[in-house]
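build me a model from this:
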Amino acid sequence: MKIAMDKICLVFSKAFDVIEKEQLGASENHSMRVAALCIAMGKKLGYNDDMLSAIAVCGLFHDSALTEYHLSQKTGVLQEKNMVLHCEKGQSHVSWLPFKLNIDIDKFILHHHERGDGLGPFHLKENEISMETAIIAAADAVDATYHLQYVKAEKLPELREKILLYASTYSTLASIKVLIEVLDENLLETLRDENITQTMDRELPRWEEDVRDFRVIRAGGFIARAIDYKSEFTRMHTSQISNRAWVMAEHYGYDLEEKHALFLAASLHDIGKIATPIGILEKPGKLDDDEFIIIKQHVKNTLDWLGEIPDFELIRNWAANHHEKLGGFGYSRGINGNELDFNSRLMACIDIYQAVIEPRPYHGARTHEQTMEILYDMASKGQIDEKIVKDMDIVMAKYSMQQVPSPIQDDEACAIFKAHEKTPVNGYRCNICGYFHEGDGLPEDFICPVCKHSANYFTRANPA
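Numbers count the residues shown, from 1 in each chain. Purely as a prediction, here's the structure:
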């Protein structure tokens, strides 16, 4: 099964667009305009399709860590550290995407708030910022400042002069000169809200990956993190549903393709919840009728957004059917048991299990036994699949009151982790996969033996 990663990235960007609008008051479609500008600038510089795809996708996800940024503000992280956190987390997120192996996206997002005047969060000077990073920075800063979707064509000469005048406050002078050169009336028209989706559908290079590639499910892990960080009460919800789906797929003997497809569906099942107001997600009591209507909309969002991805119907249905019931009284489509395939039934059971067992504003954490009582009751009423409930009782018992481990490591990686279970005194931890390298120093050319990322993704850490 081939996965259209370019289309998935465009869907992901819609979700992040909602976050930017909610948390920063950013204008609609900002991320897609940034990506479109990156493509235009990259073409001017003669970049090939692989590099165009990389800078455009990083442009789409330059603010992907906003949910974690938002949570850091709620939990007391110092304000001056927030921008650094935002950049570091954003770089970590995109490193989970399956870019072509010859493309190094290192620092593309990490340094996208650096400026030619040296006043960015890392205080880099102009000659220390790569052109690819500067392109993203320029596109982001200029669109955020001038709202290019509203700029009238006759104002372009004046706008170009102003952008050039303040170039060092937006990015590097070299990148701003490229932006000014490509920012003509034709490009401006493609950035309008009514045109930007078609622009990105047309301009973003085609990019397919086999669903059996473990990097594809790592991409699912990327969106799961953003969904989970929407609220401190759901910080592990999506990732744990994905992990439980993997464990159940192994129990049923699924082949690698179906395991990966189910994991991806689980990772995406709540993507529509990004558009749900935080006040509803964190309400400590029962939702009223109007609030329940709003929260039900997240399933329709998931169905509609994933419906934009070609040849994705099976995974879309597994993801979007998680609130359907066998009697046909679930939502959002009211599908009955005859229309729900096995994996849709499985996803419904896993979602209920995770929602019941994890702490929420309106209930504390529950044991496996307490959770199963609720699932058995629902099964006895014909709401969910009784056979699956019984299977989950067997498979999930050993994970009572603990997290289900992630499958996003291959057998070689697991063996490496097992060999490093001792507790070293000093070392460095990989920000991507958690691998711990013992020692007082880390060679510049060091490559993580688990996830294959460079030494730039390691930070000095205390032992786990």
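
report the mean confidence score over stretch 180-188.
The average pLDDT within stretch 180-188 is 97.

ugh, wrong one, stretch 93-100
Here the average pLDDT along stretch 93-100 is 80.

domain-wise, how is the chain divided?
Listed by automatic domain parsing, the domain ranges of the chain are 2-208, 212-399, 411-460.

distance between the ends of the first one?
Put plainly, it is domain 2-208. End-to-end distance for domain 2-208: 6 Å, by Cα to Cα, to the nearest Å.

which one is Gly328 nearest to, not counting chain neighbours?
In space, and not counting its chain neighbours, Gly328 is closest to Asn336: 3.5 Å by Cβ to Cβ, 6 or more residues apart in numbering. For glycine as for every other residue, the C-beta is placed from the backbone atoms N, C-alpha and C.

tally of neighbours for His251?
13 (other Cβ atoms under 10 Å).

heads up, I number from 41, so please use that
Sounds good: first residue 41 from here, last item His291.

identify whichever of the domains of the chain lies nearest to Pro445.
Among these, the nearest to Pro445 by Cβ to Cβ is domain 252-439 (6.6 Å).

quick one: the helix or strand containing Val429 to chain centroid distance?
Per DSSP states H and E, Val429 falls inside helix 426-436. Centre-to-centre, helix 426-436 and its host chain are 30 Å apart (Cα atoms, centre = their mean, to the nearest Å).

wasn't Pro324 part of a helix?
No. Pro324 sits outside any helix when classified using DSSP: H, G, I helix; E, B strand; the rest coil, being coil.

hmm, back to that, residue contacts, the residue nearest to Gly368?
Going by Cβ atoms under 8 Å, 6 or more residues apart in numbering, Asn376 touches 366-368.

and it, bridged to which residues?
Beta-bridge pairing of Asn376 under DSSP bridges involves Gly367.

what about the helices in the stretch 141-290 of the chain?
Using DSSP state H, counting those that start in this stretch, the helices of the stretch 141-290 of the chain run over residues 171-186, 196-205, 207-210, 213-222, 225-230, 236-243, 254-268, 277-291.

could you dump those into TSV with distance to Glu298 added?
As requested, the helices of the stretch 141-290 of the chain are exported to TSV (distance: least, Cβ to Cβ, whole Å):
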stretch	distance to Glu298
helix 171-186	37
helix 196-205	51
helix 207-210	47
helix 213-222	44
helix 225-230	40
helix 236-243	29
helix 254-268	12
helix 277-291	7
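
check the ones you listed for me: which has the lowest mean pLDDT.
helix 254-268 (a mean of 79).

how much space separates Thr316 from Ala360?
15 Å (Cβ to Cβ, to the nearest Å).

quick one: which of those two has more around it?
Ala360 (29 against 21).

now that one: closest residue in space that isn't a chain neighbour?
Spatial nearest neighbour of Ala360, chain neighbours left out: Leu343 (4.0 Å); criterion: Cβ to Cβ, 6+ apart.

quick one: secondary structure of the one you found?
helix.

verify the stated contact: it with Arg356.
Yes. Counting by Cβ atoms under 8 Å, Leu343 touches Arg356, with 6.8 Å between them.

before we move on, the earlier item: distance of the residue nearest to Gly368 from Asn361?
Distance from Asn376 to Asn361, by Cβ to Cβ: 11 Å.

find the residue at the geometric middle of the protein.
Centroid-nearest residue in the chain: Ile263, 2.4 Å away (criterion: Cα atoms, centre = their mean).

longest helix anywhere in this protein?
Taking DSSP state H as the criterion, the chain has its longest helix at helix 45-64.

I'd like the next helix or strand past it.
The helix or strand immediately downstream of helix 45-64 is helix 70-84, counting by DSSP H and E.

list the buried residues in that following helix.
70-82 (16 or more other Cβ atoms under 10 Å).

one more: stretch 241-253?
Neighbour counts over stretch 241-253 (16+ other Cβ under 10 Å) mark 243-244, 247, 249, 251-252 as buried.

want to throw these into JSON lines with distance to Val58?
As requested, those are arranged in JSON lines below (distance: Cβ to Cβ, whole Å):
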{"residue": "Glu243", "distance to Val58": "22"}
{"residue": "Leu244", "distance to Val58": "20"}
{"residue": "Trp247", "distance to Val58": "23"}
{"residue": "Glu249", "distance to Val58": "25"}
{"residue": "Val251", "distance to Val58": "26"}
{"residue": "Arg252", "distance to Val58": "31"}
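
can you find the helix or strand of this structure with the lowest average pLDDT?
When the helices and strands of the chain are scored by mean pLDDT, DSSP states H and E, helix 451-459 comes last with a mean of 40.

check contacts around the residue nearest to the residue nearest to the centre of the chain when sequence neighbours are not counted.
In space, and not counting its chain neighbours, Ile263 is closest to Phe52: 5.5 Å by Cβ to Cβ, 6+ apart. By Cβ under 8 Å, 6+ apart, the residues touching Phe52 are 100-101, 262-263, 311.
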